[in-house]
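Visitor: Got a predicted structure here, sequence first:
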Amino acid sequence: MTARARRAALAGAVVWLIGGGGVPGCVGAQVAVQVLDDATVHATTPLGLEMHVPSPEDNPLTSAKVDLGRRLFHDPILSRDRSRACASCHLAEHAFADTATVSRGVGEQRGTRNAPALRNRAFGRSFFRDGRSPTLEDAVLRPIQAPDELAMTLPEVVRRLREDASYPEAFAAAFGSDLIDQAALARALASFVRSLLSGDAPADRYLAGDSTALTPAARRGRHLFFTKANCTACHSGPYLTDERFHNTGVSWGSGDVGREAVSGAPADRGGFRTPSLRDVAITAPYMHDGSIRTLEEVVEFYDQVLGQNPLLDHRIRPLRLSADERADLVAFLESLTGGGAPPASAQPTPSRPDTVVIQTNEGTALSFDLTPDGRTIIFDLLGQLWTLPVEGGTAVPLTDAVRATAEDTDPSISPDGGWVAFRSDRSAGRGIWLMSLADGTLRQLSERRPATV
């Protein structure tokens, strides 16, 4: 089937999901499958990322807002004594992370956590190490107000911007009005963060078919990443993060309760959001407290997992790698360093014909790729993995011995388009599984036998 034919088939496909697998809200849910129009795409994403950069309906991504947000991001006008800017702790050459163990704010006030990388946070589900912010628009305003960061009040920031000689004109260019308020400030800064993309790493080019993109050591490390080291238990999907919160044992007992401060649940104590591994080689130091200086030390930490911690995540266990295996794993992690994307543009860019949007009758849209043979759509709805023929028909959930749900790692499609591979941590079928896209059958692989994907 040609790309044009696939687009035509997808654009008209309307199916009904059958209930199954105990997934709430799926019985009789109508699902429309369509291809994104070229005109809806406003940012060019690098190889390895989703083609569409998500943004709220009330804050569509435009080049004018990105330009304004970039200026604000680098302007110390946002800090109390005009000495520091967002860019003081989020360094462009380090994927917009900080190289200090913990960041320092106005008056050299010392923070409590390492400033995380900002590249690809456009695709995040929550923000900050503990997930305290549900949106980027909320997240970008918090450092301005934090006493140990920029130490400002939002009314004072707005007053400064209104009195500035050039900002009213810049806001007018971005929003069609020179009215400057907290909402416009948040939308501009969030737009800039959404433009910070990184992909087209050697690992992406290798997955796309370039067998020379990875060194032999990195290829061996990639194999370890997906099998013996079990890194995909948390670092999964295109951004190599499950966006969840895990207690990995780092700084246990230090007083930083992590996710518990947000959720109020004692079981969340010491849990922090899984960081993306993209660009990880240039974002040292590591962990939420910046306590580990090198990738070699990170691998060593997980190789041993020492100490008493009653809330340690069940996925964390000693890797017991040899010295050569540890070196290979680091080589693969270094291959995840990509290149930044050009700034978001207001001009349409060609969309990839193998990317679809699945729109439910409740208005939820999810983007997923077709299998390489162009015959089957793989998508996730309400935490349940489904398959759907391109020609239309009934979407089929995974309802056999094991289901790949939100509790399992993200699936990987084999290069020939015939299988989906995923890892399950369920007691009924823990391990690596393959599902045939031809007939839906499942086959479990031994832990010692790699799944080639």
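Guide: Structure's in. What do you need?
Visitor: So for the spatially closest residue to V330 that is not a sequence neighbour, what's the pLDDT?
Guide: Nearest non-adjacent residue to V330, counting by CB to CB, 6 or more residues apart in numbering: L295, 4.9 Å away. All C-beta spots, glycine's among them, are computed from the backbone N, C-alpha and C. L295 carries a pLDDT value of 97.
Visitor: Could you do G107 as well?
Guide: pLDDT, G107: 91.
Visitor: so it sits in a strand?
Guide: No. Per DSSP: H, G, I helix; E, B strand; the rest coil, G107 lies outside any strand segment and is helix.
Visitor: Please shift the residue numbers so they start at 404 in all later answers.
Guide: Yes, from this point I'll number from 404; that puts the last item at G510.
Visitor: residues contacting it?
Guide: If a contact means CB atoms under 8 Å, 6 or more residues apart in numbering, then G510 has D484, A554 as its contacts.
Visitor: what do you get for D478?
Guide: Taking CB under 8 Å, 6+ apart, we find D478 in contact with A488.
Visitor: mind checking how far it is from A591?
Guide: Relative to A591, D478 is positioned 11 Å away (CB to CB, to the nearest Å).
Visitor: do S654 as well
Guide: Counting by CB to CB - S654 and A591 are separated by 35 Å.
Visitor: between these two, who's got more neighbours?
Guide: A591 (27 against 15; other CB atoms under 10 Å).
Visitor: Correct me if wrong: the more buried one contacts L475.
Guide: Yes. The criterion here is CB atoms under 8 Å, and A591 meets it with L475 at 5.9 Å.
Visitor: circling back to that earlier point, give me the neighbour count for the residue nearest to V733.
Guide: 20.
Visitor: what do you get for A611?
Guide: With other CB under 10 Å as criterion, A611 counts 12.
Visitor: so what's it up against?
Guide: Contact partners of A611, counting by CB under 8 Å, 6+ apart, are L450.
Visitor: follow-up on the earlier one: backbone phi and psi for the residue nearest to V733, please?
Guide: Backbone torsions of L698, given as degrees, to the nearest 10, read phi -60, psi -40.
Visitor: pretty sure D470 is touching S594, no?
Guide: No. Using CB under 8 Å, D470 is not in contact with S594, being 9.0 Å away.
Visitor: ok, these two, which is more surrounded?
Guide: Neighbours were tallied for D470 and for S594 using other CB under 10 Å; the higher tally belongs to S594 (29 against 19).
Visitor: now that one: how far from F574?
Guide: 12 Å.
Visitor: Can you pull the residues that touch both of these two?
Guide: Residues touching both S594 and F574 by CB under 8 Å, 6+ apart: L471.
Visitor: okay but R681 is in contact with H638, surely?
Guide: No. The criterion here is CB under 8 Å, and R681 misses it with H638 at 9.9 Å.
Visitor: Of the two, which one has the most company?
Guide: The residue with more neighbours, out of R681 and H638, is R681; 27 against 23, by other CB under 10 Å.
Visitor: Model confidence for A768, exactly?
Guide: 34.
Visitor: Oh, that last question was meant for R522, not what I typed.
Guide: For R522, pLDDT reads 96.
Visitor: cool, the one 5 residues further on as well?
Guide: In the predicted model, G527 carries a pLDDT score of 95.
Visitor: K468 too?
Guide: K468 is given a pLDDT of 96.
Visitor: Ok, the one 10 residues further on next?
Guide: Among the per-residue scores, D478 shows a pLDDT of 97.
Visitor: what bridges to R676?
Guide: Judged by DSSP bridges, the bridge partners of R676 are F648.
Visitor: could you measure it against G741, distance?
Guide: For R676, the distance to G741 - CB to CB - is 20 Å.
Visitor: got it, and A554?
Guide: Distance of A554 to G741, computed by CB to CB: 34 Å.
Visitor: likewise S666?
Guide: Per CB to CB, S666 is found 32 Å from G741.
Visitor: quick one, which of those two is more surrounded?
Guide: G741 (24 against 17).
Visitor: Run through the helices of this protein in chain order.
Guide: In the chain, the helices defined using DSSP state H lie at 406-414, 466-476, 539-542, 545-548, 557-566, 570-578, 585-597, 605-610, 619-629, 663-666, 698-707, 726-737.
Visitor: Deepest in the core, which of the ones you listed is it.
Guide: helix 585-597 (a mean of 23; mean count of other CB atoms under 10 Å).
Visitor: quick one: contacts of that helix?
Guide: 446, 456-458, 461-462, 464-465, 468-469, 471-473, 475-476, 489, 521, 524-525, 538-544, 557, 560-561, 564, 574, 577-578, 747.
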